[in-house]
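> Can you look at this prediction? I've put the sequence above it.
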Amino acid sequence: MATSVLIGSARPSDHGPLESALRRKGIRASIFTEGTRMLAAAQESAPDHVVVDLHLGGVSGFDLARTLGEQRTSILVDEDEPDLESLRRNGLQIMVRPRGGAESLAEQIERRLAGEKRLRADVEAVDPSDPAAVRARLLAIVDGDEDALMRAALEDPTTHLLAGSYLRRRRLDEAWLHASANGLGLGVMRIALDGLDALARDPDALRRAELEVAGVLLTELDGCDLPARDAPGEFLVLAPGASAAELGRRAFQLVGETRTLRADGALTVSVGIAHAPHGGDGSAKSVESAADLVARAGDALEAARRAGDGRVCLWQGVQELDESDYRAQG
């Protein structure tokens, strides 16, 4: 089967020559001039790779990369693109448009696809049922650095909080079982930066906003809480032993401490809370697992985002909380 790529190009005159050059290399290309149609095609057909102009109309290359997955999408930029370094620092795959026209761009796309094919072969060569072999291969990749291997698995590189995948896959179920066995409370906060469209063209501004939220989480939360970056602009906090009232106070602290993010009205911080008492009063019956608890916090977060302007909601209905009540308890 031919390798397939989707290409979003802001230069219609290049489309025919580029498609022909790729076809000669055994690569089937579908080329778009508008981002919304390209996004729909990418979600429908699952191409081997996506190459998209940063300044494509409709949906920008930055937004497409975030939506489709940064490892699956290369952003095509001109050599003199002023945001080139900030895009690279933001962890995006960059493809600089070569000077040789369609033929040179086709060769560059072919090299990118070949590199990905080698990576997939490298991964598939390791037997996942042999932990020793997997570990040896990973250590070889990081030149035997045990600390680097551990950080890569546990830490989010953007904010240096825990990685959301680690918190979800390893710590949530563990905390749920401990809380259940000992009759303790367990809370989850889901936090989102709203208004990210305003930062779509400025990856550095998004990173600064995320770092500010991360800093507040590290300084204002209880020492037992586990904060993680879950996705761009989204955070997840696991709070073992916390009561719903304590979670409410921490949530309003977070919203208050991040008000500088919203000085120009561009960003808001919304928080959704879910809590399972595990105290024998029957109030946790509708929450049967850690995954349920995270989902309930997600429902509360969506309610908070709909209310707008930095709201906090508790899953229990879902009800919006009044900040003055939590000040009085503080």
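All right, it came through fine. Numbers count the residues shown, from 1 in each chain.
> Packing partners of the strand or helix carrying residue 216?
Element membership for residue 216 (DSSP states H and E) is helix 203-220. Other helices and strands packing on helix 203-220, by 3 or more Cβ pairs under 8 Å, 6 or more residues apart in numbering; DSSP states H and E, are helix 84-89, strand 186-194, strand 226-231, strand 234-240, helix 244-257. Glycine gets a C-beta too; all of them are placed from N, C-alpha and C.
> most tightly surrounded among the ones you listed?
Most buried of the helices and strands packed on helix 203-220, by mean neighbour count (mean count of other Cβ atoms under 10 Å): strand 186-194, with a mean of 25.
> mind saving the C-alpha coords of that one as CSV?
Presented in CSV, the C-alpha positions along strand 186-194 are these (Å, rounded to 0.1, in the frame of the first residue of the first chain):
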residue,chain,number,x,y,z
LEU,A,186,-10.1,11.5,47.7
GLY,A,187,-10.4,14.6,45.5
VAL,A,188,-9.7,15.4,41.9
MET,A,189,-9.4,18.9,40.3
ARG,A,190,-9.4,19.4,36.6
ILE,A,191,-8.2,22.9,35.6
ALA,A,192,-8.3,24.5,32.1
LEU,A,193,-7.0,27.7,30.6
ASP,A,194,-9.8,29.2,28.5
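> Now do it against strand 226-231, angle only.
Strand 186-194 and strand 226-231 meet at an angle of 40 degrees, taking axes from the mean of the first three to the mean of the last three Cα atoms, to 10 degrees as the criterion.
> Now residue 107: which helix or strand?
Assessed by DSSP H and E, residue 107 sits inside helix 101-124.
> Other residues contacting that helix?
For helix 101-124, contacts defined as Cβ atoms under 8 Å, 6 or more residues apart in numbering pick out 3, 5, 7, 14, 17-18, 20-22, 24-25, 27, 48-49, 51, 74, 95, 97-98, 137.
> Give me the neighbour count for residue 96.
Neighbours of residue 96 under the rule other Cβ atoms under 10 Å: 14.
> and what of residue 137?
15.
> Residue 126 is in contact with that one, correct?
Yes. Contact status for residue 137 versus residue 126: in contact at 5.0 Å, counting by Cβ atoms under 8 Å.
> how near is residue 116 to residue 26?
15 Å (Cβ to Cβ, to the nearest Å).
> Among these two, which residue is more densely surrounded?
Higher neighbour count among residue 116 and residue 26: residue 116, with 17 against 10, using other Cβ under 10 Å.
> what's the distance between the more buried one and residue 74?
Per Cβ to Cβ, residue 116 is found 10 Å from residue 74.
> Equivalent analysis for residue 254, please.
Residue 254 is 36 Å from residue 74, by Cβ to Cβ.
> what do you get for residue 43?
Here the criterion is Cβ to Cβ. By it, residue 43 lies 17 Å from residue 74.
> Angles on the backbone of the closest residue to residue 77 other than its chain neighbours, please.
Spatially, and ignoring its direct neighbours in sequence, residue 77 is nearest to residue 54 (5.0 Å; Cβ to Cβ, 6 or more residues apart in numbering). Reported as degrees, to the nearest 10, the phi and psi values for residue 54 are phi -60, psi -40.
> Got the confidence number for the residue nearest to residue 188 when sequence neighbours are not counted?
Once flanking residues are discounted, residue 188 sits nearest to residue 297: 4.3 Å by Cβ to Cβ, 6+ apart. Looking at residue 297, its pLDDT reads 92.
> ok, residues contacting stretch 130-145?
Contacts of stretch 130-145 (Cβ under 8 Å, 6+ apart): 122, 126, 127, 128, 146, 148, 149, 152.
> can you put those in a markdown table and add pLDDT?
Below are the contacts of stretch 130-145 laid out as a markdown table (pLDDT from 0 to 100):
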| residue | pLDDT |
| --- | --- |
| 122 | 73 |
| 126 | 76 |
| 127 | 78 |
| 128 | 75 |
| 146 | 82 |
| 148 | 77 |
| 149 | 76 |
| 152 | 73 |
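> Can you give me the domain boundaries for the chain?
According to automatic domain parsing, the chain comprises the domains 3-124, 128-155, 156-329.
> Poorly predicted segments of the stretch 151-300 of the chain, please.
Low-confidence segments of the stretch 151-300 of the chain (pLDDT under 70): 196-204, 260-266, 278-286.
> Report the angle between the helix holding residue 216 and strand 226-231.
Here the directions of helix 203-220 and strand 226-231 differ by 160 degrees (the same axes, to 10 degrees).
> tell me which element the closest residue to residue 300 other than its chain neighbours is part of?
Among residues not flanking residue 300 along the chain, residue 272 sits closest, at 3.2 Å (Cβ to Cβ, 6+ apart). Assigned by DSSP H and E, residue 272 belongs to strand 268-276.
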